[in-house]
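Undergrad: could you work out the structure for the sequence below:
(chains A, B and C)
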Amino acid sequence: MKKTALSLSVLAALALGTASAQTTIKIASISPLSGGQSNLGTQIRNGVQLAVNEYAAQFKKAGFNLQLVPYDDQADPATGTAAARKIAADNQILAVVGTLNSGVAIPASAALAPSNLVMVSPANTANQVTDRGLANMNRIVARDDSQGPAGANFITDTLKAKKVYVLNDKTAYGEGLAGEVEKALKAKGVTISGNEGTEEKSDFSSIVAKIKLTKPDAIYFGGIYNQIGVFIKQLRGAGIDTPVVGGDGLDSSELPVIIGKAGANNVYYTTVAAPLEALPAAKTFAANFQKTFNTPAQGFGAFGYDAAKVTLQGILDAARANGGKAPSRKQVLDTIRKGTYKGLLSGEVSFNSVGDRKAATLYVIKLTDGKAALETSLAVKPPKN
Amino acid sequence: MTVANPAKPAVRRPLVKPDRTVWLVLFFVVTSILLLVSHETDVMKNLGALGDVLRNKVVEALVVSLFLANVLFAYLWKAANWAKLLVGIGSLLFVLPLAGQADTSLLDLSIQIMIFAALALGLNIVVGLAGLLDLGYVAFFAVGAYTWSIFGSPRFSEVLKYYGANAGSTGSGTLVIGLVLTAVAAGSMLYIRGMHGRVAPTTLSNLSFLLAGFGLLSGIILVGRSILVLASGSAEALANGINPGFFWLFLALSVMTAALVGVLIGLPVLKLKGDYLAIITLGLGEVIRVLANNLGLYTAGSQGITPIASASVPWFNSLAGALGFRPEQYYLLFLYVLVLIVIAVILLVNVRLDNSRIGRAWIAIRDDEIAAQAMGVPLMQTKLIAFATGASFAGVMGMIFAAKQTFISPESFNLLQSITVLSMVVLGGMGSFSGVILGAAVVTLLNLRILPGLGEASANVSWIPQEVNPANFNRFIFGSILVAMMLLRPEGLLPNARRTRELHHEDDQEDESADGNASGLKAGGDVYSAGLATTKEDDKTGGDR
Amino acid sequence: MELSVLLPFIVNVIIGGLVLGFVYAIIALGYTMVYGVLQLINFAHSEVFITGAVVGFEVFRILQNSAMNGYLKLLIALVAAMIVSGLLNVLIERLAYRPLRGAPRLVPLITAIGVSLILQDTLRFLEGLQGRFDLTYTLPTGFADKFCATTSSCAPLGNFLRTIGVDVQLKDVILVIVALVSLGLLNYVVNRTRLGKAIRAVSQDRVTAGLMGIDSNLMISATFLIGGALGGVSGVLFGMKFGTINAYSGFDPGIIAFTAAVLGGIGSIPGAVLGGLLLGVIQNLIGVTNIFGNLLGLANLGTIDASYSKIGPFIVLVLILIFKPTGLLGKSNVEKV
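TA: Numbering: from 1, shown residues only, chains lettered A, B, ... in the order given. Prediction:
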């Protein structure tokens, strides 16, 4: 495996005969494509596919045949690790976009690290993902401990809340995020009137009753839109209009649909993806996505698209630096970590020494009558640069 | 169960099997070459069209499957012993590691197969031999995994730090009190038990036994707490977990912890029967997972524990290095060898148990509890041993799984995993050791190799829309295979001889394991109603009298 | 905390639990009826149930712009879901379980799990074709309003409920009424008709029932039809109550409902209802234990919150089965050798 991908791909091309003179470069995506989280995982896959479609022409011009190989991790760490090891063994694959769950990203990136295979994550916010200091792990989204305090600041500064009820979905994502929010709120002297996790997807009546009893000024819920939406619907149904704040897991056009138009008020979420009206590119992306996949783009689609664009631009840059020949995995890994990428849905991306974004803008989106609009934007930085 | 016609020949295979030594060796050589060549890119380029075919991901998955079938054929076919030995050792100890050198995923895959094989063997004891339907088996896997992960990772120093910061009044005095309490409580429990042997238990003595049990529990908690507090000073020293040398000790500890949890779970529920037991074990399995998710101090909750150490065996590493393995592969290769040894031990234990008194007692209980009891089989004890044995296999594999993954979180131990292991047992053939191992191999291969292979191969084929990419339908495909197998071959791929007899007897009328309430005539519904009852008159006959 | 705040709180929690319990109860009936005749845990029932919910979603979606009366839409949704789920259940029995009659019990159990997996992916695929994954009910206007908020005739009752701080939505009341009607109908069919008598006979002793001239296969099909239809009803009720479902959301409530069936004594119809209601309430009560923990000064109870409500039913099940090994209303049958 020490041989460069170049020689291998040349061999591959030779083996293919004269039918295709171009070198094939593949990127892989790892996300859940089946099971209960397949909606999110498919968004990621589709976002990556869209980016690959857009870059295919540029790659062709540079003499490469670009392909995407999507892998299904079934949201299971062991399956994800097996997929990662399989990817490592395929020498044509130069980069990986994935995963949805931190629980999969951590072992999968560790399995990819020895073969210098770069991984750009579109969704993992857990601190541990980059805190391990792997050279190959990068991410587009903001870490828990930068997104969490940003959410907490918004709650105290804009919403002026003195008493907050913190909820999470008992996954690595939701619990990690809610934990950071709680820590930041406590540091600001805000009362935490409740803090609990729930795996429940449909019946929230006991939590709603508790919220009614404790009367918080705001609610923070770390989790994914199709759980939180059902919760907000029941909350509003019980006549509670308290603002609900969440993280980028809420970034979905499905959210107001689930809550219902009447209740989709006073709901906020923080995300790195620019809202449609703030960025012309976002509009084009949404239209292309809808056209290609016959389903509207959600937040994870946008993150996947951005992660793939970073990856693909990195490969192109690495190829250019390599004199127009297919770069090695190590070259791709170094280029991506060092490069600066502009024009993305989430703004300018450049990574620090552990793979977190050096600076990012977190947009706070507010739902009013089911319409998402930009409320404010906050600049966030990872704790160490 | 009573076999109505014991003289009936049970073996369906031809009595004289052809000798297939030549075929076996040939098959071994061909698949080994295919496997090795398909992972050698240098050679592939010279193969032209053949290389092209071999590189196809579906073909690659098939090659891996065929290669693993070597071991199966060595077991099944009639061949000279030297050939069987050659194929078995050759494929598992030489060819597979060699191919794994080029493609690490093969090592990962083989370890995963053997982990599941051990789980299936353990569940086979509980379900296949003792007839206790356990739908929460993965709980024991989790217990084993967490036993090592907490200590073999930075988690342990976090726990120590917490106890150091929240020591309260706990100190060496507490340790003494705890030890005394434990000793006194344990002593009185023994005393009361001894007394129960002589005189009939009274309410008072039962209550005091309970009280002593409570005292024992509090004593153990006190001891544990004070040890943690006293050891909290060494939190810094243990920042990366305890010395990996303890791996071997924990191999034994994880077996014991899992067995202990098996007994603790088994005690209250094992007197239940059939599906009551099934749903309650399902529930307790979930309880363990939710506890792992909620007890954040010890398990890091949903965030998971990482990095988890593996044993460090310097001489093995240097040997692996000398053989051309890369440093990052050392621990996988080590775990591969370890898992081979463990599974050999487990298999040995299984075979020995099967031929022992306890094995016969299990089968007796499975076939008829009351009859077994009447014959003097102690029900509770026998069932508990089954539960504990099954649990211990899962425990040791949980630990190896944690070391392989270097990361564990509760999402690895959900209900679907229990169901997957159960389906491996039934798919392979309940009660048959070779069968359940085959079941584990087939399901794992399907999940980790064949379906992803299909997905890779069809990812960039223009006429296959991505919505119907077979890789996204693993549940559908797995479900279809389960249903088809159960309909066509309910006894499993490699059935136990006894099972086959049960399923394919036409004369034998009695089989309690087949149906619960309507005991006795098992095929009753089919035999009587369709033939004898006229559908038209049905309402009249069943109606008012 | 004063009683005046706590009382409506606990009433709300219990009402929420009961409404949830009715959904569980109807799902549990599907499990218990099939278990009664075949001694099989029909793992596919959770998908039969969610199929009903999907059918209900489709009906409401297609009718969302029609001016039809909301209750009529609900009726159409219920009937459509009953037909589809009922027939699906019969089909499953015919294709997957009947050929296995008389095989060891684990074999049809595994088949049921297989069918369940097949249905999950099939439902996801079918809805995915139209670009949908999460299916959100478009309920008729007014269903989500507070109970007796606008109708003048029952305004006093509504006002009373609001003054004491109890939240009941119109759809909760509809849910309970539909559930009660289905229970009444089921009770009538099982206890008062010949069909019911035949089903009971088959579930007691298939062989003897056969000797009495009852076509047990037909009765088993009828049981699956009724169980599936109940699954369809519960699916629509579930979707109506919680609003959003997907192809996989049947699994969790299915497990709890089966637990309810076992808790009540599997095979017993009143037992399933009792178990469902009990588990609904218990699940909610466990979710609010920490409020009382703080109240009573028991600090350790304070950690028991909604994160434990999922396992509450199982703990209760263990405790009850230890003392009553055949469930609350289950009959213990003497085993003979």
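Undergrad: what sits against residue A:259?
TA: By CB atoms under 8 Å, 6 or more residues apart in numbering or on different chains, the contact set of residue A:259 is A:229, A:232-233, A:236, A:267, A:367, A:370. Glycine gets a C-beta too; all of them are placed from N, C-alpha and C.
Undergrad: quick check: the gap between it and residue A:265.
TA: 9 Å (CB to CB, to the nearest Å).
Undergrad: state the mean pLDDT of the helix or strand hosting residue C:201.
TA: Assigned by DSSP states H and E, residue C:201 belongs to helix C:194-204. Helix C:194-204 shows a mean pLDDT of 90.
Undergrad: so does that helix get close to chain B?
TA: Yes - using CB under 8 Å from any CB of the partner chain, helix C:194-204 reaches chain B at C:194-195, C:197-198, C:201-204.
Undergrad: top of these by neighbour count?
TA: When neighbours are counted by other CB atoms under 10 Å in any protein chain shown, residue C:202 leads these with 30 neighbours.
Undergrad: that residue touches residue C:218, doesn't it?
TA: No - the pair residue C:202 / residue C:218 is not scored as a contact, 9.2 Å apart, by CB atoms under 8 Å.
Undergrad: residue contacts, residue A:340?
TA: A:348-350.
Undergrad: residues in the stretch 101-250 of chain A within reach of chain B, list them.
TA: A:101-103, A:106-107, A:110-111, A:113-114, A:126, A:128, A:132, A:170-172, A:174-176, A:197, A:199.
Undergrad: check the residues you listed against chain C, which are close?
TA: Checking these against chain C (CB under 8 Å from any CB), the matches are A:170, A:197, A:199.
Undergrad: helix, strand, or coil at residue A:364?
TA: Look at residue A:364: counting by DSSP: H, G, I helix; E, B strand; the rest coil, its state is strand.
Undergrad: my read: it touches residue A:379, true?
TA: No - between residue A:364 and residue A:379 there is no contact under CB under 8 Å: 12.0 Å.
Undergrad: chain center to stretch B:488-501, what's the gap?
TA: Here stretch B:488-501 is found 20 Å from its chain centre; the criterion is CA atoms, centre = their mean, to the nearest Å.
Undergrad: can I assume residue B:458 is in contact with residue B:473?
TA: No - here residue B:458 lies out of contact with residue B:473, judged by CB under 8 Å, at a distance of 11.4 Å.
Undergrad: which of the two has more residues huddled nearby?
TA: residue B:473 (25 against 18).
Undergrad: is the host helix or strand of residue B:281 in proximity to chain A?
TA: Element membership of residue B:281 [criterion: DSSP H and E] is helix B:274-294. Yes - using CB under 8 Å from any CB, helix B:274-294 reaches chain A at B:290, B:293-294.
Undergrad: just give me the closest of the contacts of residue A:340 to chain B.
TA: Ranked by distance to chain B (CB to the nearest CB), the contacts of residue A:340 are led by residue A:349 at 25.5 Å.
Undergrad: for the stretch 151-300 of chain C, which segments count as strands?
TA: Shown for the stretch 151-300 of chain C, the strands assigned by DSSP state E, counting those that start in this stretch span residues C:244-245.
Undergrad: nearest to chain A: which residue in it?
TA: For the stretch 151-300 of chain C and chain A, the shortest gap (CB to the nearest CB) falls at residue C:287, measuring 3.2 Å.
Undergrad: ok, that residue touching residue C:305?
TA: Yes - counting by CB under 8 Å, residue C:305 is a contact partner of residue C:287 at 6.7 Å.
Undergrad: of the two, who's got more company?
TA: The neighbour comparison of residue C:287 against residue C:305 (other CB under 10 Å) goes to residue C:287, with 30 against 25.
Undergrad: which positions in the stretch 351-500 of chain B make contact with chain A?
TA: B:401, B:405-409, B:411-412, B:447-448, B:451-452, B:455-456, B:459-460, B:466, B:469, B:471-475.
Undergrad: swap in 10 Å and give it another go.
TA: B:401, B:404-412, B:414, B:416-417, B:444, B:447-449, B:451-453, B:455-457, B:459-460, B:466-467, B:469, B:471-478 (CB under 10 Å from any CB of the partner chain).
Undergrad: mind showing which ranges of chain B have poor pLDDT?
TA: B:1-16, B:498-545 (pLDDT under 70).
Undergrad: please enumerate the strands of the stretch 1-150 of chain A.
TA: Assigned by DSSP E, counting those that start in this stretch, the stretch 1-150 of chain A shows strands spanning A:23-31, A:64-72, A:93-98, A:118-121, A:137-139.
Undergrad: so for residue A:326, which of the ones you listed sits nearest?
TA: strand A:23-31 (5.0 Å; CB to CB).
Undergrad: and the closest one, anywhere near chain B?
TA: Yes - applying CB under 10 Å from any CB, one finds strand A:23-31 touching chain B at A:24, A:26, A:28-29.
Undergrad: circling back to that earlier point, which residues do residue A:364 and residue A:379 both contact?
TA: Both residue A:364 and residue A:379 are in contact with residue A:150, where contact means CB atoms under 10 Å, 6 or more residues apart in numbering or on different chains.
Undergrad: and those two? Which one has more around it.
TA: Shown here are residue A:364 and residue A:379; by other CB under 10 Å, residue A:364 has more neighbours (20 against 10).
Undergrad: my read: that one touches residue A:274, true?
TA: No - using CB atoms under 10 Å, residue A:364 is not in contact with residue A:274; the gap is 11.9 Å.
Undergrad: now residue C:64. Nearest residue, chain neighbours left out?
TA: With CB to CB, 6 or more residues apart in numbering or on different chains as the criterion, residue C:64 has its nearest non-adjacent residue at 4.3 Å, and that residue is residue C:138.
Undergrad: name the SS class of the one you found, please.
TA: coil.
Undergrad: ok, it - contacts?
TA: A:257, A:260, C:57, C:60-65, C:73, C:243.
Undergrad: residue B:109 versus residue B:290, what's the distance?
TA: From residue B:290 to residue B:109 the distance is 30 Å (CB to CB).
Undergrad: more neighbours, those two?
TA: Neighbour tally, residue B:290 and residue B:109, criterion other CB under 10 Å: the higher count belongs to residue B:109, 24 against 20.
Undergrad: which SSE is that one in?
TA: helix B:104-123.
Undergrad: tell me the contacts of the most centrally placed residue in chain A?
TA: In chain A, the residue lying closest to the centroid (CA atoms, centre = their mean) is residue A:123, at 2.3 Å. Contact analysis of residue A:123 by CB under 10 Å, 6+ apart lists A:31, A:40-41, A:43-44, A:97-102, A:105, A:129, A:139-141, A:173, A:248-249, A:299-300, A:303-304, A:307.
Undergrad: how about 6 Å then?
TA: A:100, A:300, A:303 (CB atoms under 6 Å, 6 or more residues apart in numbering or on different chains).
Undergrad: and it, backbone torsions?
TA: phi -150, psi -20 (degrees, to the nearest 10).
Undergrad: nearest residue to it other than its sequence neighbours?
TA: Distances taken as CB to CB, 6+ apart place residue A:100 nearest to residue A:123, at 5.0 Å, with adjacent residues excluded.
Undergrad: pLDDT value on the one you found, please?
TA: 93.
Undergrad: quick one, helices of the stretch 51-200 of chain C?
TA: In the stretch 51-200 of chain C, the helices defined using DSSP state H, counting those that start in this stretch lie at C:70-92, C:106-129, C:155-163, C:170-192, C:194-204.
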